[in-house]
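**Q** kindly generate the corresponding structure for this input.
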Amino acid sequence: MGLELLAKSRIRIVTASPERHCCVGDDGLGQGRRMRRRPSGVCVSRSGFTGFRFPPDVITVAVRWYLHYGLSYRDVEELLAERGIDVDHVTIYRWVQRFTPLLIDAARPRRHIPGDRWFVDETYMKLAGRWIYLYRAIDQFGQVIDVLVSEKRALEATCRFVTHALAHGPPPTEVTTDRAPAYPRVLDQLLPAACHVMEQYANNPTEADHGRLKSRLRPMRGLKRLRSARVISAGHAFIQNLHRGHYELGLDIDPRHRIPEAFTELARAI
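**A** Predicted structure coming up:
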């Protein structure tokens with residue numbers, strides 16, 4: 001009896017639908033009924049926070065704290081608990097892995113065009129007890145142009161990094177690197193018109209910028225997965241660019257409140 005009532009209620013809903021009267025394809029043989037069912041499959045844009053138990057402002061605050069400050073996931077868990085929000089550190093880890101790329105993508109149209117002088121270098125990160133390479137490039141204004149995590153320091157990784165960095169704006173007129181043998185070959189192929197500088201101490205801006213990333217990685221006590229290393233390195237570069245004003249976000253307010261304001265605005269866009 002219950003199933004029969006449910007079936008009848010469904011039939012009544014279809015019969016009362018206003019779409020039945022506006023359908024022009026009904027030929028009396030049921031063809032119009034099939035046409036009325038199609039709109040139910042139309043994709044509707046949903047927020048990136050749909051399905052999460054916590055509100056967007058809690059999630060974005062946790063992600064921002066972790067990326068901006070020298071905190072571990074358990075540190076963020078304790079800070080939220082002091083404010084009456086009970087969240088497990090594993091949940092915070094999942095928030096960071098999911099929403100960091102979404103925030104970066106949402107902010108990409110507001111990003112400033114990189115300068116014409118690039119400083120390119122690679123540094124080391126520890127992943128599950130072994131060392132991996134992190135390629136980084138900044139311009140003369142301190143904007144982090146791009147980052148790339150690679151398990152090997154090889155010609156292929158260098159070429160992939162430079163190719164991906166070139167997608168962020170016009171090609172540079174000058175590129176400063178260390179004396180790694182892969183750079184001349186890659187730059188001659190991808191940037192033949194650019195001046196390649198390999199003088200001693202010329203790449204000091206990049207070396208100094210590595211220290212900010214290393215200080216952020218220290219509380220993590222080593223990363224376990226390659227995907228986590230990619231997300232964290234990209235997220236740190238994103239926060240650094242926001243703080244230095246390389247996005248059209250929060251530029252008209254106090255620099256101390258620029259990053260929270262930017263995250264609030266980006267949360268509405270994802």
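
**Q** what sits closest to the most centrally placed residue in the chain if chain neighbours are left out?
**A** Using Cα atoms, centre = their mean, the residue of the chain that lies closest to the mean C-alpha position is Pro101, 2.1 Å off. Taking Cβ to Cβ, 6 or more residues apart in numbering, and ignoring the residues beside it in sequence, Pro101 has Val231 as its nearest neighbour in space, at 6.7 Å. Backbone N, C-alpha and C define where each C-beta goes, glycine included.

**Q** report the contact partners of that neighbour.
**A** Contacts for Val231 were tallied using Cβ atoms under 8 Å, 6 or more residues apart in numbering; they are 96-97, 100-101.

**Q** ok, the nearest residue to His89 once chain neighbours are set aside - contacts?
**A** In this structure, His89 finds its nearest non-sequential neighbour in Tyr73, 3.9 Å apart by Cβ to Cβ, 6+ apart. For Tyr73, the set of contacting residues under the criterion of Cβ under 8 Å, 6+ apart consists of 66, 89-90, 92-93, 96.

**Q** any stretches of the stretch 1-150 of the chain with poor pLDDT?
**A** 1-45 (pLDDT under 70).

**Q** which parts of it are helices?
**A** Secondary structure of the stretch 1-150 of the chain (DSSP state H, counting those that start in this stretch): helices at 2-16, 19-22, 31-37, 56-68, 73-82, 89-107.

**Q** and for the stretch 151-270 of the chain?
**A** Taking DSSP H, counting those that start in this stretch as the criterion, the stretch 151-270 of the chain carries its helices at 155-165, 182-190, 204-217, 226-243, 258-267.

**Q** same for the second one, what does it pack against?
**A** The contact analysis (3 or more Cβ pairs under 8 Å, 6 or more residues apart in numbering; DSSP states H and E) places helix 182-190 against helix 155-165, strand 195-197.

**Q** out of those, deepest packed?
**A** Mean neighbour counts were compared across the helices and strands packed on helix 182-190 using mean count of other Cβ atoms under 10 Å; the top stretch is helix 155-165, at a mean of 18.

**Q** alpha carbons only: can I get that helix in PDB?
**A** Listed next in PDB are the C-alpha coordinates belonging to helix 155-165 (Å, rounded to 0.1, in the frame of the first residue of the first chain):
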ATOM      1  CA  LEU A 155      66.300  18.200 -18.300                       C
ATOM      2  CA  GLU A 156      62.700  17.100 -18.700                       C
ATOM      3  CA  ALA A 157      61.600  18.700 -15.300                       C
ATOM      4  CA  THR A 158      63.400  22.000 -16.200                       C
ATOM      5  CA  CYS A 159      61.700  22.200 -19.600                       C
ATOM      6  CA  ARG A 160      58.300  21.400 -18.000                       C
ATOM      7  CA  PHE A 161      58.800  24.100 -15.400                       C
ATOM      8  CA  VAL A 162      59.800  26.800 -17.800                       C
ATOM      9  CA  THR A 163      57.000  25.900 -20.200                       C
ATOM     10  CA  HIS A 164      54.400  26.100 -17.400                       C
ATOM     11  CA  ALA A 165      55.900  29.400 -16.100                       C
END
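
**Q** what's the average pLDDT for that helix?
**A** For helix 155-165, mean pLDDT rounds to 96.

**Q** could you check the angle that helix makes with helix 182-190?
**A** Counting by axes from the mean of the first three to the mean of the last three Cα atoms, to 10 degrees, helix 155-165 points 50 degrees away from the direction of helix 182-190.

**Q** low-confidence stretches in the stretch 151-270 of the chain?
**A** 221.

**Q** ok so, going back, Ala237: which of the helices and strands packed on helix 182-190 is closest?
**A** Distance to Ala237, taken as Cβ to Cβ, is lowest for helix 155-165 among these, at 11.6 Å.

**Q** got a list of what Ser47 touches?
**A** Ser47 sits in contact with 56, 270, where contact means Cβ under 8 Å, 6+ apart.

**Q** return the distance of the residue nearest to the centre of the chain relative to Ala107.
**A** When Cβ to Cβ, to the nearest Å is applied, the distance between Pro101 and Ala107 equals 11 Å.
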